[in-house]
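**Student:** Predicted model, plus sequence, below.
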Amino acid sequence: MLTVRNLHVYYGAIHALKGVSLQVEEGEIVTLIGANGAGKTTTLHTLSGLLKPREGEILFQGQNIAGMAAQKIVALGLSQVPEGRRVFANMTVLENLELGAFLRKDAAGIKEDMEKVFVRFPRLQERIKQLAGTLSGGEQQMLAMGRALMSRPKLLLLDEPSMGLAPLLVKEIFSIIKEINAAGTTILLIEQNAHMALSIAQKAYVMETGKIVLSGPANELAQSEEVQKAYLGG
Amino acid sequence: MEVFFQQLINGLSLGSIYALIALGYTMVYGIIRLINFAHGDVYMVGAYVGFWATTQGWGFLPALLLSMVVCAVLGMVIERLAYKRLREAPRIAVLITAIGVSFFLESTGVLAVGAKVRTFPNVFPEVKFQLFNGAIVVTNRQLVIMVVTVLLMLLLQYIVHRTKIGKAMRAVSHDAQAAMLMGINVNNTVSATFAIGSALAAAAGVLVGVYYNAINPYMGIMPGLKAFVAAVVGGIGVIPGAFVGGLSLGVIEALVSGYGSSLWRDAVAFALLIIILIVKPSGLFGSNAREKV
C-alpha cells in the first residue's frame, strides 16, 4: 500500500532524514519507534505533504506522492492524526469533525461516518456542541482521531497518540486503534511508548538520527536485545 | 443631551465605515499575521470604482456590487503578487512590502485619475429626518451606511460560521498545518480572505463617497490608520472585535468633535490605541496569546 524509498528531507541545511525506506502492506499496523529527534514526525510530515523531500520516492497505492500538495494526498486516502492532537480549539466538536470531511461531497456517506465516529467515541457525541479547546487531553485525542477518520482514509498515520495521557486512557486509545484497523484501515503508528506500539503492530521500524536502523516483525523486535535496552527499559 | 444623541448618530455612521475597513485588517491578520497597510488604499480604489460607476449612471446598489467585486479581485492579486512568496519570510519583510503596496496604489491612483478631489454624483438626494422636534437630524445617507454595514456584517458572520470557506478560514487561522491535514487548500483560503476583506473595504469606500461626496487618491491613509486602531482596540484577529472597535471609535471621535473640538479627534483616536496597547494589548475581545499544545 505504501512504499517509501530512500527519502531525504532537509530543514534548511540540516539533513533530517537520511535515506529512509519502509513498507506498509494493506491491512497492517506498522509502527515506527525511536527516540526524540530521530525523525519520526519528519517522516510523517513528508508522507502527508507538509514537507517536501529533496530525494526519494513515496509510492501510495502505486502513485508517487512525494512532494504532492497536502490536500491532494488527503484526497487519495492518506490522513494523519498529528502529534499534540492539534484540534481546532475555538471550533466545536461537530465543526472539527466536519472539517475532517472537508474534501468530501457525499453528504450521506459523511453522515454515516459521523455516526460511526460517535459509536466509536460516545463521549464526542455528548460534547458535540462544546468547543474543542475545552475537552480533556484524552477527549481531544479521540476528536483528532475521529476527525481524521471523517476523510474515510485508506491509510491512517498516527503521531504519538498516547502522548500525555493517563495509562488507562492509553490502553483505551490503543484498543480503539486496533478496532479501527480491524474495520479495514491500514495504520502507520509513531510512538514513544514502544512497549504498547510493539504489542499491537505486526511490523516495526526503529529510527535513529534520520535513519532506519532496525526493522522486522514487531514481536521479534520486542524480544531483541537492542530494542529492549534502548526503548523498553529492559 | 441633544448633542449627545446627534453625535451618537453621526458617530455610528462614521464608525460603520471604520468597522467595514477594520474587518479586512483583522481577517487578514487572523489568517497570515500580517497588518496589511495597503488595505486603506483598497478602500480608496473601491471609492473610485463606485465613482466611475455612478457617474456612468449606475444606481447605488449596482455600483456598490461592482466596486466590491473589483476590489475582491484586486485584493487577491495583491496577495498573490506581493505577499504570497513572503509567507515564510520574517514578518517585518511582509510589513514593509505592505507599506510599499500602499504607496504603489496611492501613486498609481494619482497617475491614473489625478490628485484632485472628485465630487461624487448625488446618488441619493439628501433627505433629512427630524427627530424630537428637530433636535436630532438623521439623513437618509446615514441610514444607508448603517443598514448596509449591518447587512454586510450579518453576511460575513454567515460566511465565516456557516459556509465551507468560512470554516476553512477559521481552521487556517487557528493552525494552518493542521488545516492542511484536513485537505484544506491554504493558498485558496488566504486568497478568499483577501477577497472578502477587500470587498468590505470597497463597500466602505463607496459609502464614504455617497456620504461625504468627495474622494481623492490619498483618502485611504487616515481611515486606514483609524480602522487599524479600531481592529487593535477590538482585538486584532477577532471579527466581532473589529466591528465593535470600529463603531466605538466612530462614536468617540464624534463625541470629541461635538463636545470638544474636531481638532482633537485624531489625537484621541491614537491616544486610544496607545492606552489599549498599554492596558490590554490583546484588545477588548482578544484572548491573551493562544497556546498551541
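**Tutor:** Cool, got the structure.
**Student:** by contact count, what packs against the helix or strand containing residue B:152?
**Tutor:** Under the criterion of DSSP states H and E, residue B:152 resides in helix B:140-162. Judged by 3 or more C-beta pairs under 8 Å, 6 or more residues apart in numbering or on different chains; DSSP states H and E, helix B:140-162 is in contact with helix B:2-32, strand B:128-131, helix B:164-174, helix B:186-212, helix B:239-259. (C-beta placed from N, C-alpha, C; glycine too.)
**Student:** burial count for residue 195?
**Tutor:** You didn't say which chain, so I picked chain A. Counted by other C-beta atoms under 10 Å in any protein chain shown, the residues lying close to residue A:195 total 13.
**Student:** my bad, the chain I had in mind was chain B
**Tutor:** If you count neighbours by other C-beta under 10 Å, residue B:195 ends up with 21.
**Student:** Kindly state the pLDDT recorded for it?
**Tutor:** The score at residue B:195 is 98. That number is its pLDDT.
**Student:** got it, and the one 3 residues further on?
**Tutor:** Among the per-residue scores, residue B:198 shows a pLDDT of 98.
**Student:** now the nearest residue to it once chain neighbours are set aside: how far from chain A?
**Tutor:** Spatial nearest neighbour of residue B:198, chain neighbours left out: residue B:75 (2.8 Å); criterion: C-beta to C-beta, 6 or more residues apart in numbering or on different chains. Distance, residue B:75 to chain A, by C-beta to the nearest C-beta, to the nearest Å: 22 Å.
**Student:** Identify each buried residue in the helix or strand residue B:75 falls within, please.
**Tutor:** If you go by DSSP H and E, residue B:75 is part of helix B:60-78. Buried positions in helix B:60-78, judged by neighbour count with 16 or more other C-beta atoms under 10 Å in any protein chain shown: B:60, B:63-68, B:70-72, B:74-76, B:78.
**Student:** State the next helix or strand along the chain beyond the helix ranked longest in chain A.
**Tutor:** As assigned by DSSP state H, the longest helix anywhere in chain A is helix A:167-182. Downstream of helix A:167-182, the first helix or strand assigned by DSSP H and E is strand A:186-191.
**Student:** show me the contacts for the residue nearest the centre of chain A.
**Tutor:** Closest to where the C-alpha atoms of chain A average out (C-alpha atoms, centre = their mean) is residue A:158, at 1.6 Å. Taking C-beta atoms under 8 Å, 6 or more residues apart in numbering or on different chains, we find residue A:158 in contact with A:80-81, A:145, A:177, A:187-190.
**Student:** So which residues on chain A come close to chain B?
**Tutor:** Listed as neighbours of chain B in chain A under the rule C-beta under 8 Å from any C-beta of the partner chain: A:48-50, A:69-71, A:74-75, A:79-80, A:82, A:84-91, A:95, A:98-100, A:102-103, A:147-148, A:151.
**Student:** just checking, residue B:197 touches residue B:30?
**Tutor:** No. Residue B:197 is not in contact with residue B:30 according to C-beta atoms under 8 Å; the separation is 9.9 Å.
**Student:** Settle it for me: which of the two has more neighbours?
**Tutor:** Per other C-beta under 10 Å, whichever of residue B:197 and residue B:30 has more neighbours is residue B:197, with 30 against 22.
**Student:** How much space separates that one from chain A?
**Tutor:** Counting by C-beta to the nearest C-beta - residue B:197 and chain A are separated by 19 Å.
**Student:** How about the contacts made by that residue?
**Tutor:** Taking C-beta under 8 Å, 6+ apart as the test, what residue B:197 contacts is B:23-25, B:27-28, B:36, B:39, B:75.
**Student:** how about stretch A:23-41: buried residues?
**Tutor:** Within stretch A:23-41, judged by 16+ other C-beta under 10 Å, the buried ones are A:24, A:28-34, A:38-41.
**Student:** ok, back up a step: can I get the CA coordinates of the longest helix of chain A in CSV?
**Tutor:** Output of helix A:167-182 as CSV, limited to C-alpha atoms (Å, rounded to 0.1, in the frame of the first residue of the first chain):
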residue,chain,number,x,y,z
PRO,A,167,-2.2,4.9,31.5
LEU,A,168,-5.8,3.8,31.5
LEU,A,169,-6.6,6.2,28.6
VAL,A,170,-3.5,5.0,26.7
LYS,A,171,-4.9,1.4,26.9
GLU,A,172,-8.3,2.7,25.6
ILE,A,173,-6.7,4.6,22.8
PHE,A,174,-4.7,1.6,21.7
SER,A,175,-7.7,-0.7,21.8
ILE,A,176,-9.5,1.8,19.6
ILE,A,177,-6.6,1.8,17.2
LYS,A,178,-6.9,-2.0,16.9
GLU,A,179,-10.6,-1.7,16.2
ILE,A,180,-10.1,1.0,13.5
ASN,A,181,-7.6,-1.4,11.9
ALA,A,182,-9.9,-4.3,12.2
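**Student:** That one - contacts with which helices or strands?
**Tutor:** Secondary-structure packing of helix A:167-182 (3+ C-beta pairs under 8 Å, 6+ apart): strand A:29-34, helix A:107-120, helix A:137-149, strand A:186-191, helix A:194-200.
**Student:** How about the residues of chain B by chain A?
**Tutor:** So far as C-beta under 8 Å from any C-beta goes, chain B lies against chain A at B:164, B:167-168, B:170-171, B:174-175, B:177-185, B:290, B:292-293.
**Student:** Could you pick out the buried ones from the residues you listed?
**Tutor:** Judged by 16+ other C-beta under 10 Å, buried ones among the residues of chain B next to chain A: B:167-168, B:170-171, B:174-175, B:178-185.
**Student:** Just checking, which helix or strand of chain A averages the lowest pLDDT?
**Tutor:** Scoring the helices and strands of chain A by mean pLDDT, DSSP states H and E places helix A:225-231 at the bottom, with a mean of 81.
**Student:** Can you get me a residue count around residue A:221?
**Tutor:** The number of residues packed around residue A:221, counting by other C-beta under 10 Å, is 24.
**Student:** Quick check: buried residues in stretch A:88-102?
**Tutor:** A:88-89, A:91-102.
**Student:** Let me know the average pLDDT across that stretch.
**Tutor:** The model assigns stretch A:88-102 a mean pLDDT of 96.
**Student:** Identify the residue spatially nearest to whichever residue of chain B sits closest to chain A, adjacent ones excluded.
**Tutor:** The nearest approach of chain B to chain A comes at residue B:183, 3.6 Å away (C-beta to the nearest C-beta). The shortest distance from residue B:183 to any non-neighbouring residue, by C-beta to C-beta, 6+ apart, is to residue A:74 (3.6 Å).
**Student:** can I assume the one you found sits in a helix?
**Tutor:** Yes. When DSSP: H, G, I helix; E, B strand; the rest coil is applied, residue A:74 is found to be in a helix.
**Student:** low-confidence ranges in the chain?
**Tutor:** I'll assume chain A. Low-confidence segments of chain A (pLDDT under 70): A:233-234.
**Student:** think we crossed wires, I meant chain B
**Tutor:** B:288-293.
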